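[1] build me a model from this:
(chains A, B and C)
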Amino acid sequence: MSDKEKRGNPWALRFTTLGIVLIPVAVGINYVGKLFASVLKLPLWLDSIGTILAGMLAGPWIGAISGAVNNAIFGITVDPISFWYLITSIAIGLVVGYFAFTGWVSNIGRAAVLGIIVGAVAAVVSTPINVILWQGQTGNVWGDALYTVLVGNNWPVWLASFLDEVVVDIPDKLASVIIGFLIFKALPNRLVGLFSGSGKDVESI
Amino acid sequence: MAVIEVSELRYRYPNTEKLALDHISFSVEKGELVGIVGSNLSGKSTLCAAMVGLVPHFYKGAFGGSVTVSGMNVREHSVGEVSRKVGLVFQNPFTQITGAKLTVYEEVAFGLEHAGVPREEMPRRIDRALSTLGLADLAERSPFAVSGGQMQRLAIASVLAMEPEILVLDEPTSQLDPAGTSEVFRAILTLRSEGITVLIAEHKVERLAEVADRMLAIEKGRVVAFDAPARLFNRADLAEHGIAIPSVVSVCRSLGVSKEDGSLPLSVSDAAKLLESAHA
Amino acid sequence: MRLSLYVEGDGWVHRLDPLTKVIIAVSAIALTFILTNLVANGAILFVSLALLTAAGALRRALPVFAGALLLALTFFIIQGLVYPGNRTVAVAAGPVALYREGLLVGLHLALRLYNILSATLIIVLVTHPTHLVEALVRRGLSPRFGYVLMAVLQIIPTMADQTKAIMDAQRSRGMETEGKLWTRIKAFIPLMGPLVTSSLISTEERALALEVRGFGDNARPTFLREEHIPGYGIVLRWIALAALVSGIVMRWGFGWL
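    Residues are numbered from 1 along each chain as shown, chains lettered A, B, ... in the order given. Next up, the predicted model:
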């Protein structure tokens, strides 16, 4: 088994300087993803790749914090709405970090499954926020169109809202996790080992 | 009085089999300027990291022997504590900018704030560090809006503000252009004249030979030689150990020209004088 | 590019310390959720806008407001069409009808949206992010966390600049960035990959540089700058908190608003 699989307890607090430094870089990667996606006019957001990589490298806690900081900062600087979806980003970081650190994500197929799981989780977490804030709308054209049709046909608001969100989240997170996985696999083993923070003490020789 | 004392230092990175540092022993006196030379994987950077405790505290792995700097045993203190006595400057000017401060002035204050230095003390230290490195006019600029050489001097200034006794530099000019390189070497000489002990790992052997009191030559984590540059470069076996020699030295060797004491000249001007008198 | 919408200024709003502004903004946002009365929500919006104007920041706020207009409009339309409590028709055009109840809900949501935006902008436009972070660290926020927040603000513009250079370089190598969807999708990884990988690799160097500046010890820091809280700032904090408390009491104590 390579170093990338046995990486220690997923829930260990990896708050070393290295883990801390990863957080702003993860937010930067989120931003760059969103930027390239919009320049290439892709129908996906691709704005969580940094959070995903943070989770893969340093575990669920750093992943979650990266997500939280991402939304907090963007909320305060350019897009006040994103602040309220902090919890969704935290959830993404937690889920990816946990699965990645247990060594479960060993090939692309599993990464794809993780992507779908993350998409579903993101939708589940975002739905209450959408409902509380704006009656379940999401601001996304396709999703809201679906919402309008469903609620117009007397579907419950929360269900319509969930589907509104899921229809966009699953493809987006599927792509993001796969891309994150490919980049992660290409990183030098030594670096991945440094992030895992073996927690082992210095051996004496 | 030895300000750096390294005894039988051994270190192995995690998940590796070979020792990166293999029973290294040497000592450095206060105020000396020591150059560290060796080929790329010789262990220069690892040795520099060991001077501040990054080896072993940051990298973990396996550690043996002892490193004592300014009276502190590196194994028993945090990197933060050792950093107040020993500064370390790295190759890449860009990644040494914290990114948490908006002006050059505040950037220098970063280490002071984290060390809990009293506010009244800070302006004096910052001003002194900036002027020593010739950065006083850039104080209000963004730390990213400066040239490579200036950024590297900023990194040195930031470390200098902590008022360390020892300054270690790990290939500080390898990412700089010739102008930047000269700026940094000039700054190092200024620091040395203020009594700071300096250790520099470098590839630019010529420039190092001009300024160093002694040179530590390493290969595969072992000390090959530790001597004054003139005597060190006289040795015929350096090339086998992957140690680069200043071109002046190898030219003079092949011409069979040497100084009265048998050593080879280190600078072009010395060599020129020797060649003239040899023909006289 | 600077990652902040901060507007320079020296008026009394600017001179308020960051924490006071945060208290005001948080109270305003909390109230907009607590109070369902439309007039009350309008009043909160009025106060926020007044503060923004007093700070000379209103003009910078307009693009943000304009950007949200479309979203606000969708609230009206969608809720007007399908809100479950719809009964009375307000406007009808053939088979499609907008209902009064839905429109009012839409108005409420729109007011809430603009309240959130304005309150947040009081912080964003009138407070320098570094002052805000420092104010938090002074009061106990971990200095490591303070570092994270500040570093984000600087690292992002740096990476944004790099993206432009990368796009130009890759295009000049013949990479297609326009055309069919699949073509564009294929372009994504060669653009993202190198930049992301090099940023991740550089984290090691960054961490080392911070460690030798004492960052790893995570001790309570001292501060280069001194903090100034103007007298009227304390007064405003109390007013904001009083407003919040009265809002809570009026809504849940008396059932008004």
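[2] confirm residue B:68 sits in a helix?
    No. Applying DSSP: H, G, I helix; E, B strand; the rest coil, one finds residue B:68 to be strand, outside a helix.
[3] would you list the phi and psi of residue B:143?
    phi -60, psi -20 (degrees, to the nearest 10).
[4] what does chain B put close to chain A?
    Counting by Cβ under 8 Å from any Cβ of the partner chain, the residues of chain B close to chain A are B:10, B:12-15, B:56-64, B:75, B:99. C-beta here means a position set from N, CA and C on the backbone, and glycine is covered the same way.
[5] mind checking which of these are buried?
    Neighbour-count burial (16 or more other Cβ atoms under 10 Å in any protein chain shown) applied to those gives B:10, B:12-14, B:56-64, B:75, B:99.
[6] which of those residues fall in strands?
    Among these, DSSP state E puts B:10, B:12, B:62-64 in strands.
[7] which one among those gets closest to residue C:50?
    residue B:63 (63.4 Å; Cβ to Cβ).
[8] relative to residue A:191, how far out is the residue lying closest to that closest one once chain neighbours are set aside?
    Take residue B:63 and drop its neighbours on the chain: the residue closest to it by Cβ to Cβ, 6 or more residues apart in numbering or on different chains is residue B:56, 4.0 Å away. For residue B:56, the distance to residue A:191 (Cβ to Cβ, to the nearest Å) stands at 18 Å.
[9] residue ranges with poor pLDDT in chain A?
    Residue ranges of chain A with pLDDT under 70: A:1-6, A:198-199.
[10] may I see the buried residues of stretch C:46-61?
    C:47-49, C:51-52, C:55-58, C:60-61.
[11] try stretch B:137-157
    The neighbour-count check on stretch B:137-157 (16+ other Cβ under 10 Å) flags B:138-139, B:141, B:143-144, B:146, B:148-157 as buried.
[12] could you pick out the longest helix of chain B?
    helix B:178-193 (DSSP state H).
[13] which strands or helices does that one pack on?
    helix B:122-132, helix B:148-160, strand B:166-170, strand B:197-201, helix B:205-211 (3 or more Cβ pairs under 8 Å, 6 or more residues apart in numbering or on different chains; DSSP states H and E).
[14] residue C:210 is nearest to which of the ones you listed?
    Residue C:210 sits nearest to helix B:148-160 of all the helices and strands packed on helix B:178-193, at 10.9 Å, using Cβ to Cβ.
[15] can I get the closest one as PDB, trimmed to CA atoms?
    What follows is helix B:148-160, C-alpha atoms only, in PDB (Å, rounded to 0.1, in the frame of the first residue of the first chain):
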ATOM      1  CA  GLY B 148      13.400  39.900  -6.700                       C
ATOM      2  CA  GLY B 149      16.500  41.300  -5.100                       C
ATOM      3  CA  GLN B 150      14.500  43.700  -3.000                       C
ATOM      4  CA  MET B 151      12.100  41.000  -1.900                       C
ATOM      5  CA  GLN B 152      15.000  38.800  -0.800                       C
ATOM      6  CA  ARG B 153      16.500  41.700   1.100                       C
ATOM      7  CA  LEU B 154      13.000  42.200   2.700                       C
ATOM      8  CA  ALA B 155      13.100  38.600   3.800                       C
ATOM      9  CA  ILE B 156      16.500  39.200   5.300                       C
ATOM     10  CA  ALA B 157      15.300  42.400   7.000                       C
ATOM     11  CA  SER B 158      12.300  40.600   8.400                       C
ATOM     12  CA  VAL B 159      14.500  38.000  10.000                       C
ATOM     13  CA  LEU B 160      17.100  40.600  11.100                       C
END
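[16] how does chain B divide into domains?
    As recorded under automatic domain parsing, the domains making up chain B are B:2-245, B:246-280.
[17] just the angle for the helix or strand harbouring residue C:190 relative to strand B:166-170, thanks.
    In this structure, residue C:190 sits in helix C:181-211 according to DSSP states H and E. Calculated by axes from the mean of the first three to the mean of the last three Cα atoms, to 10 degrees, helix C:181-211 forms an angle of 160 degrees with strand B:166-170.
[18] which residues in the stretch 51-200 of chain C form strands?
    Assigned by DSSP state E, counting those that start in this stretch, the stretch 51-200 of chain C shows strands spanning C:89-93, C:96-99.
[19] element containing the residue nearest the centre of chain A, please.
    For chain A, the residue nearest the mean C-alpha position is residue A:92 (3.7 Å; Cα atoms, centre = their mean). Residue A:92 belongs to helix A:86-101 when elements are defined using DSSP H and E.
[20] list the contacts of that helix.
    Helix A:86-101 has contacts (Cβ atoms under 8 Å, 6 or more residues apart in numbering or on different chains) with A:7-11, A:48, A:51-52, A:54-56, A:58-68, A:70-72, A:75, A:105, A:114, A:117-118, A:121-122, A:125-126, A:129, A:173, A:177, A:180, A:184.
[21] try it again with 6 Å
    Residues outside helix A:86-101 that contact it (Cβ atoms under 6 Å, 6 or more residues apart in numbering or on different chains) are A:7, A:10, A:48, A:51-52, A:55-56, A:59-60, A:63-64, A:66-68, A:70-71, A:105, A:114, A:118, A:121-122, A:125-126.
[22] which of these fall in helices?
    Among those, the residues falling in helices (DSSP H) are A:51-52, A:55-56, A:59-60, A:63-64, A:66-68, A:70-71, A:114, A:118, A:121-122, A:125-126.
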